[in-house]
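Chemist: Give me the fold of what follows.
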Amino acid sequence: MNTLLTLGDNLKTFWDYTGMANAIFIYLAIAKEYEPLLLIPIGFGILIGNIPFNEAAGLQVGIYEEGSVLNILYQGVVQGWYPPLIFMGIGAMTDFSSLIANPKLFLIGAACQFGIFGAYAAALLWGFAPNEAGAIGIIGGADGPTAIFLTSKLAPQLLGAVAISAYSYMALVPVIQPPFMRWLTTPKERMIKMKSPRVVSQTEKILFPIVGLLLTTFLVPSGLPLLGMLFFGNLLKESGVTRRLAETARGPLIDTITILLGLTVGASTQATTFLRPESVKIFVIGAFSFVVATCAGILFVKFFNLFLKKDNKINPLIGNAGVSAVPDAARISQVVGLEYSPSNYLLMHAMGPNVAGVIGSAVAAGIMLGFLY
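Modeler: The predicted model follows:
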């Protein structure tokens, strides 16, 4: 009996130290297709990070052993190099035409940032320190790179839980948002048909990232690492003369950085630090922040419509798209809209608040960084 107990204890120790329980993220990525481009690197990184290396042996393979390959690659997370490079790739693949054509859609993206500050308040009430609450709150922006960037600055010890929570809920946007979209809108509101956006000139597209950069510099300079690279990548795309650079930024570069980011974030997440009550709290607050962001966007559109003429009213079903989950949130607007009117195509309109949400979440991160860092 004692032998069996000892064997059981040994197996439990092996399970805990290797982090095999965390292989669930690989399962979710493959079987459920929950953000596979990041959850597979993160899940595999978790397995690597929980292997009990003997640091005394001098192998220098652990992520926290100075000079090891993983430690060097992890500096891209700790020092905040990877997220800005991902933002450059996002800028190079994003078309801001819908937002330029209808600037008032910016306000929807701004309204959805209530999810960030609502989660920040909830984290404070649940006992987290202000810097930790800021890192947890950014989950509400539905922007993985932004969450990782801010958490690496404010609360590195929460990096794994925040990153996995952010990307998990981004993958669950099609599940979380539709019930609230239906609950908060009336049949008449869901049938609103918006005017086709005007054609945006090439000059406007080129000026947008330049003006955006200048406004960021004046208003939220702490957001420059993210927004500066976002606008730079967009200028590469829209200038028309740097096609090779734009293709590199939105293709091989962003793919490479995504792999390194996911692998090292996962490797930094040991079972002893991840499998804690605080991680459960972070997941609960993350869900709360997504609900608040979705509802805030929809309710803002309903309120805004009170001041708009009949021909200029906005369909509240695009209010959910103000979160930064591009382009999934915009697709949900389209899918739900078509359920009630098969000829009502909302995707092109929803992309406006959707890309505004990318900018809004980065601005919110800059504000948090400025106050809490």
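Chemist: what's the spacing between the residue nearest to residue 130 when sequence neighbours are not counted and residue 27?
Modeler: Closest residue in space to residue 130, ignoring its immediate chain neighbours: residue 372 at 5.8 Å, by CB to CB, 6 or more residues apart in numbering. Placement of C-beta: from N, CA and C, glycine included. Distance, residue 372 to residue 27, by CB to CB, to the nearest Å: 35 Å.
Chemist: Can you get me the start-to-end distance on stretch 101-120?
Modeler: 33 Å (CA to CA, to the nearest Å).
Chemist: tell me which residues of it are tucked away?
Modeler: For stretch 101-120, the neighbour count (16 or more other CB atoms under 10 Å) marks 101-102, 105-120 as buried.
Chemist: Distance from the chain centre to it, please.
Modeler: Centroid separation for stretch 101-120 versus its chain: 14 Å, with CA atoms, centre = their mean, to the nearest Å.
Chemist: what does stretch 117-134 give?
Modeler: So, by CA atoms, centre = their mean, the centroid of stretch 117-134 is 18 Å from its chain's centroid.
Chemist: buried sites along it?
Modeler: For stretch 117-134, the neighbour count (16+ other CB under 10 Å) marks 117, 118, 119, 120, 122, 123, 124, 128, 131, 132, 133, 134 as buried.
Chemist: Where does residue 80 sit: helix, strand or coil?
Modeler: coil (DSSP: H, G, I helix; E, B strand; the rest coil).
Chemist: Would you list the phi and psi of it?
Modeler: phi 80, psi 40 (degrees, to the nearest 10).
Chemist: Equivalent analysis for residue 306, please.
Modeler: phi -60, psi -20.
Chemist: Show me the residue at the heart of this structure, geometrically.
Modeler: The structure's the chain has its C-alpha centroid closest to residue 143; by CA atoms, centre = their mean the separation is 1.4 Å.
Chemist: check contacts around the closest residue to that one other than its chain neighbours.
Modeler: Closest residue to residue 143 apart from its sequence neighbours, by CB to CB, 6+ apart: residue 324 at 3.9 Å. Contacts here follow CB atoms under 8 Å, 6 or more residues apart in numbering; on that basis residue 324 touches 141, 142, 143, 146, 354, 357, 358, 360, 361.
Chemist: Let's see that with 7 Å instead.
Modeler: Residue 324 makes contact with 141, 142, 143, 357, 358, 361, according to CB atoms under 7 Å, 6 or more residues apart in numbering.
Chemist: helix or strand for it, which one?
Modeler: Here residue 324, judged by DSSP states H and E, is contained in no helix and no strand.
Chemist: Which neighbouring elements make contact with the longest helix along the chain?
Modeler: Ranked by number of residues, the top helix in the chain under DSSP state H is helix 277-305. Other helices and strands packing on helix 277-305, by 3 or more CB pairs under 7 Å, 6 or more residues apart in numbering; DSSP states H and E, are helix 106-111, helix 114-125, helix 130-137, helix 159-171, helix 173-183.
Chemist: so where's the stretch 201-350 of the chain uncertain?
Modeler: 270-275 (pLDDT under 70).
Chemist: try 90 this time
Modeler: In the predicted model, the stretch 201-350 of the chain carries pLDDT under 90 at residues 217, 219-220, 222-223, 261-283, 286-287, 290, 308-312, 323-328, 341-345.
Chemist: got a list of what residue 175 touches?
Modeler: With CB under 7 Å, 6+ apart as the criterion, no residue contacts residue 175.
Chemist: Per-residue pLDDT of it, please?
Modeler: Per-residue pLDDT puts residue 175 at 85.
Chemist: Next one: the residue lying closest to residue 265 once chain neighbours are set aside from residue 266, what distance?
Modeler: Distances taken as CB to CB, 6+ apart place residue 163 nearest to residue 265, at 5.0 Å, with adjacent residues excluded. Distance of residue 163 to residue 266, given as CB to CB: 9 Å.
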